[in-house]
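Chemist: Have a look at this fold, sequence not included:
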């Protein structure tokens, strides 16, 4: 048997356990989602239908809102606000966090702002934005950016501090250009922090935009939830809440999952317990 054939045999033998772990992981994730549905069914069976409608009634209400054209209109309004605020906060957060991680002076200079941003109650930001800028999308997006930004800054700052200095020194010693240094040494080390904070920040933005719309907008999922709350309509509240959860889950699993697999394809899969 040639060396190449031996190598192919080893690769084929290694694929078996990896595929087994992937299948087991997929089953466990499926059971995790299924348990949420079971808990919902049990709660619906134990309570009054007006107080806790089941999945079928909620799904029928979603279809009814879709036929009216209301659901997509409000979802699109919410999605636009989230994406704009998330993109701005992520770009600013990466720049500020990297600067704070690389420079002690900048870190000391911005420390007070960072602590204030992390500790201030979120609702104050939205109330202040609406009072200062008026009841507009600009005010809601500005408050969302300020809400999400400190979380991104902290993660990127810690990621920058954790960079392996020896690898950077070695790249400099071999006279690598700055673009090559960032592409092949710094960015691969920062990617886990960027992806991790992207997921957390997008999730936070989704939650906070509902508060912003509930307080001062006349469109969006938060506005619709507020409307159905005033009508004591639990099906309406659940319909919009569940739809938002499904969209966020799809983005997290499909989009961020694909980015993570592409960025970390060089890593060995973690062994299951």
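Modeler: Nice, thanks for sending it over. Because the structure is a prediction, the values reported are computed rather than measured.
Chemist: What ranges does the stretch 101-250 of the chain have for its helices?
Modeler: Using DSSP state H, counting those that start in this stretch, the helices of the stretch 101-250 of the chain run over residues 104-119, 122-133, 137-161, 165-173, 178-181, 187-216, 221-230, 234-250.
Chemist: chain center to the shortest one: distance?
Modeler: On the basis of CA atoms, centre = their mean, to the nearest Å, helix 178-181 sits 29 Å off its chain's mean C-alpha point.
Chemist: now the third one
Modeler: Between the mean C-alpha point of helix 137-161 and the mean C-alpha point of its chain there is a distance of 12 Å (CA atoms, centre = their mean).
Chemist: Could you identify which of the helices of the stretch 101-250 of the chain is most buried?
Modeler: Most buried of those by mean neighbour count (mean count of other CB atoms under 10 Å) is helix 137-161; its value is a mean of 22. Placement of C-beta: from N, CA and C, glycine included.
Chemist: Show me the one of the helices of the stretch 101-250 of the chain that comes nearest residue 61.
Modeler: Closest to residue 61 of the helices of the stretch 101-250 of the chain, according to CB to CB: helix 234-250, at 4.4 Å.
Chemist: got the angle for that closest one vs helix 187-216?
Modeler: Note on geometry: by axes from the mean of the first three to the mean of the last three CA atoms, to 10 degrees, helix 234-250 and helix 187-216 are set 160 degrees apart in direction.
Chemist: Report the next helix or strand after helix 234-250 in sequence order.
Modeler: On the C-terminal side of helix 234-250, the closest following helix or strand by DSSP states H and E is helix 257-263.
Chemist: Relative to residue 89, which of the helices of the stretch 101-250 of the chain is closest?
Modeler: Set against residue 89 and scored by CB to CB, those come closest in helix 137-161, at 4.0 Å.
Chemist: Dump the helices of the stretch 101-250 of the chain to TSV, plus mean pLDDT and distance to residue 93.
Modeler: Output for these, formatted as TSV (pLDDT from 0 to 100; distance: least, CB to CB, whole Å):
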stretch	mean pLDDT	distance to residue 93
helix 104-119	92	11
helix 122-133	91	16
helix 137-161	92	3
helix 165-173	83	22
helix 178-181	82	22
helix 187-216	87	7
helix 221-230	91	24
helix 234-250	90	19
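Chemist: which stretch of helix or strand covers residue 80?
Modeler: Using DSSP H and E, residue 80 maps to helix 70-102.
Chemist: can you check residue 29 too?
Modeler: Secondary structure from DSSP H and E places residue 29 in helix 3-46.
Chemist: now the next helix or strand after that helix and helix 70-102, what's the angle there?
Modeler: The first helix or strand that comes after helix 3-46 along the chain, using DSSP H and E, is helix 55-68. Counting by the same axes, to 10 degrees, helix 55-68 lies at 100 degrees to helix 70-102.
Chemist: which helices and strands does helix 55-68 pack with?
Modeler: Counting by 3 or more CB pairs under 8 Å, 6 or more residues apart in numbering; DSSP states H and E, the packing neighbours recorded for helix 55-68 are helix 3-46, helix 70-102, helix 234-250.
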